[in-house]
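Have a look; sequence and predicted model below, questions after that.
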Amino acid sequence: MQFFSPLLLSISSNLDTFRISNFYGAKKICINKVQIMLISIITTIATFFSMYLGTLIKNLFLSEITTLFGSVLLIFIGIYFFVEYIRLKKKSLGEDTSYYVENISKYNMFLEEGKLSIFNNSVDIHFKDYIFISLALSKINVQLGIIASIIGVNIPLSIFFNFIITIVSLCLGEYVGKSCFSKLVTKYSYLVCGCIIIILGVYEMFI
């Protein structure tokens, strides 16, 4: 079962990646092999350093405390994604969402809606833009990586799974984006992410 937690961690970390590549597929924007490797390498490096930092934090406290604390944090992050799913659903229906805390930074607008306006309204995305994409997608990797390392999730397996699943997410997301399932990805990705993170938190709490 040592594969279970790293696998869940990598899948949940890459749902934003899948979501963004789905947006690009829907907009007929192709992500080439070099760009796929660039994003995969940068997000995997971010995962490694965040998990290394988590290990340093873990060594400062008793393992029982860090495991419980990290598991609870994961559950809360999962709940956050549930709330985001509800907020985005209401927003898409034109309902009032002013009572939700909404991050309106360009990073968040990009991750939520795949807005290409941050790239000067161009469908021709340049190298520096893919650096931005990689850093934006690394945000969730860093957050989950630190917490996962604190609770003792296997680092080498997490790094391996993250690299592979990032590549798969970019390729598959672009393909799905060109199909009739594109809207389903946009609609339910945060819900699925929340479920996976909560399962990971509960699993690590009780094993």
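Perfect, thanks for sending it. Small disclaimer: the values here were computed from a predicted structure and weren't measured.

elements contacting the strand or helix carrying Ile86?
Here Ile86 sits within helix 63-92, counting by DSSP states H and E. When contacts are defined as 3 or more CB pairs under 8 Å, 6 or more residues apart in numbering; DSSP states H and E, helix 63-92 packs onto helix 127-150, helix 182-206. All C-beta atoms are positioned from the backbone trio N, CA, C, and that covers glycine.

what's the average pLDDT for that helix?
Averaging pLDDT along helix 63-92 yields 88.

try stretch 4-20
Across stretch 4-20, the average pLDDT comes to 90.

could we number from 43 for the rest of this?
Okay, using 43 as the starting number, the last item reads as stretch 46-62.

one step back: so which bits of the helix holding Ile128 are buried?
For helix 105-134, burial by neighbour count (16 or more other CB atoms under 10 Å) applies to 108-109, 111-113, 115-117, 119-120, 123-124, 126-127, 129-130.

from the residues you listed, which is closest to Leu49?
Checking the buried residues of helix 105-134 against Leu49 by CB to CB gives Leu116 as the nearest, at 14.7 Å.

For the residue lying closest to that closest one once chain neighbours are set aside, give its distance to Ile71.
Leaving out its chain neighbours, the residue that sits closest to Leu116 by CB to CB, 6 or more residues apart in numbering is Gly243, at 3.2 Å. As judged by CB to CB, to the nearest Å, Gly243 and Ile71 stand 35 Å apart.

which outside residues touch stretch 228-244?
47, 50-51, 53-54, 57-58, 60-61, 64-65, 113-117, 119-124, 126-127, 130-131, 134, 186, 190 (CB atoms under 8 Å, 6 or more residues apart in numbering).

show me what contacts the residue nearest to Gly187 when sequence neighbours are not counted?
In this structure, Gly187 finds its nearest non-sequential neighbour in Ser92, 3.3 Å apart by CB to CB, 6+ apart. With contacts defined as CB under 8 Å, 6+ apart, Ser92 is in contact with 183-185, 187-188, 191.

Could you export these as a markdown table, including distance to Phe202?
Formatted as a markdown table, the contacts of Ser92 follow (distance: CB to CB, whole Å):
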| residue | distance to Phe202 |
| --- | --- |
| Asn183 | 14 |
| Val184 | 18 |
| Gln185 | 20 |
| Gly187 | 14 |
| Ile188 | 18 |
| Ser191 | 15 |
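
Of those residues - the most surrounded one?
Greatest neighbour count in the contacts of Ser92, by other CB atoms under 10 Å, goes to Asn183: 30 neighbours.

Test my guess that that one contacts Asn204.
Yes - with contact defined as CB atoms under 8 Å, Asn183 reaches Asn204; the gap is 6.9 Å.

which residues are in contact with both of the two?
Residues touching both Asn183 and Asn204 (CB under 8 Å, 6+ apart): 55, 85, 89.

in which helix or strand would I find the second one?
Just to be clear, that refers to Thr85. Going by DSSP H and E, Thr85 is in helix 75-100.

which parts of that helix are buried?
For helix 75-100, a neighbour-count test (16+ other CB under 10 Å) marks 77-78, 80-82, 84-90, 92-93, 96, 100 as buried.
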